[in-house]
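Participant: Sequence isn't available, so here's the structure alone:
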């Protein structure tokens, strides 16, 4: 496509408007049609997902539900929640960010922040336990509030369902590796775990930009990889069934995936510092952008990616 390579190349590197873009991959109908990398980064460089990992967590829950290990409509069953109304919280409400649990999702150092405390402070050894201690701030299912803590609670529920206990993570690690990474060819991908054996589903997957594009392609193709079904029928629609429009971003939120108003059937895995996997099925397109951008400039990052999308 004329001008595509130049447009993609112009995004990478350091720019006043968007800070630093390390990698961009454009994949059309399953084939990489353009890619560009900043100095010191190559197609083989693994980079952090940040909250794009939440969308990977959604895939894992779907596979566990397909195996009848989890039921998204059921309450979690956590013993420590049985004596108060937290016992009513369902896995579906956690996936929709409507658990009702109190949480402050702030990434500015020095501000009061539950997410920073969970990942780097008093909760860093056991992220899920830290999040599960939170009291209810609203009735489960009644209000939407974005929370990395809820994702790590989901990851703990997954680990329990798979049979990992007392700090072990072997079964969860094998499940992620075999059922997702190996199955769709994400050969570079690694998932990180905390000391309690919980997959840090909120934040910590490392992979190349091309491998993150393979994950996006799984959702573009409705959970299929080649002729093999990886995700249950209907699970991609589950991801994009909109819960709310977020005032701050202007984007919709489904179940651990964002959506883009005006882009039918769109899905967006989005992370801190402007990490993005855009899945645009109506355009047969997946676009990955990895970099380091402050939140005030994320709209400029998105605008650059949508300029590329509109070429298709």
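Facilitator: Arrived safely. Quantities reported herein were computed from a predicted structural model and do not represent experimental measurements. Residues are numbered from 1 along each chain as shown.
Participant: list the buried ones in the helix or strand of the chain with the lowest mean pLDDT?
Facilitator: Across the helices and strands of the chain, mean confidence by mean pLDDT, DSSP states H and E is lowest for helix 114-120: a mean of 90. Residues of helix 114-120 classed as buried: 114-116, 118-119 (neighbour count, 16 or more other CB atoms under 10 Å). C-betas here are computed from N, CA, C, even on glycine.
Participant: I would like the residues contacting that helix, please.
Facilitator: Here helix 114-120 makes contact (CB atoms under 8 Å, 6 or more residues apart in numbering) with 103-107, 109, 123-124, 127, 130-131, 134, 147-149, 152, 200, 202-203.
Participant: Repeat that for stretch 34-47.
Facilitator: Taking CB under 8 Å, 6+ apart as the rule, stretch 34-47 contacts 1, 4-5, 7-9, 11-14, 20-26, 188-190, 206-210, 275, 290-291.
Participant: go again using 6 Å as the cut-off
Facilitator: Here stretch 34-47 makes contact (CB atoms under 6 Å, 6 or more residues apart in numbering) with 4-5, 8-9, 12-13, 22-26, 188, 206-208, 210, 290.
Participant: Could you do stretch 217-226 as well?
Facilitator: 30, 184, 230-231, 235-236, 267, 279, 281, 286.
Participant: And stretch 247-261, by the same measure?
Facilitator: Taking CB under 6 Å, 6+ apart as the rule, stretch 247-261 contacts 54-55, 57-58, 95-96, 238-246, 266-268, 270.
Participant: So which residues of the stretch 201-312 of the chain form helices?
Facilitator: For the stretch 201-312 of the chain, the helices defined by DSSP state H, counting those that start in this stretch occupy 209-220, 235-240, 298-309.
Participant: Provide the contact partners of the last one at residue level.
Facilitator: Contacts of helix 298-309 with the rest of the structure, by CB under 6 Å, 6+ apart, involve 7, 11, 17-18, 274, 278, 280, 287, 289, 293.
Participant: Just the buried residues of stretch 37-52, please?
Facilitator: 37-38, 41, 45-52.
Participant: what's the most buried one of the helices of the stretch 201-312 of the chain?
Facilitator: helix 209-220 (a mean of 24; mean count of other CB atoms under 10 Å).
Participant: so how far is that helix off the chain centroid?
Facilitator: Distance of helix 209-220 from the chain centroid (CA atoms, centre = their mean, to the nearest Å) equals 12 Å.
Participant: Buried residues in the longest strand anywhere in the chain, which are they?
Facilitator: If each strand of the chain is counted by residues according to DSSP state E, the longest one is strand 19-28. Buried residues in strand 19-28, defined by neighbour count with 16+ other CB under 10 Å: 19, 21-28.
Participant: same check, this time on stretch 130-138
Facilitator: For stretch 130-138, by 16+ other CB under 10 Å, it's 130-132, 134, 136.
Participant: and those residues, which of them are in helices?
Facilitator: 130-132 (DSSP state H).
Participant: Could you export the residues you listed as a markdown table, including pLDDT?
Facilitator: Below are those laid out as a markdown table (pLDDT from 0 to 100):
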| residue | pLDDT |
| --- | --- |
| 130 | 96 |
| 131 | 96 |
| 132 | 96 |
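Participant: can you give me the strands in the stretch 51-200 of the chain?
Facilitator: Here the stretch 51-200 of the chain has its strands, by DSSP state E, counting those that start in this stretch, at 190-191.
Participant: can you pull out the helices in it?
Facilitator: Going by DSSP H, counting those that start in this stretch, the stretch 51-200 of the chain shows helices at 52-66, 91-95, 114-120, 127-132, 148-162, 170-175, 183-184.
Participant: Least reliable of those by average pLDDT, please.
Facilitator: Per-stretch mean pLDDT for the helices of the stretch 51-200 of the chain is lowest at helix 114-120 (a mean of 90).
Participant: Sounds good, over and out.
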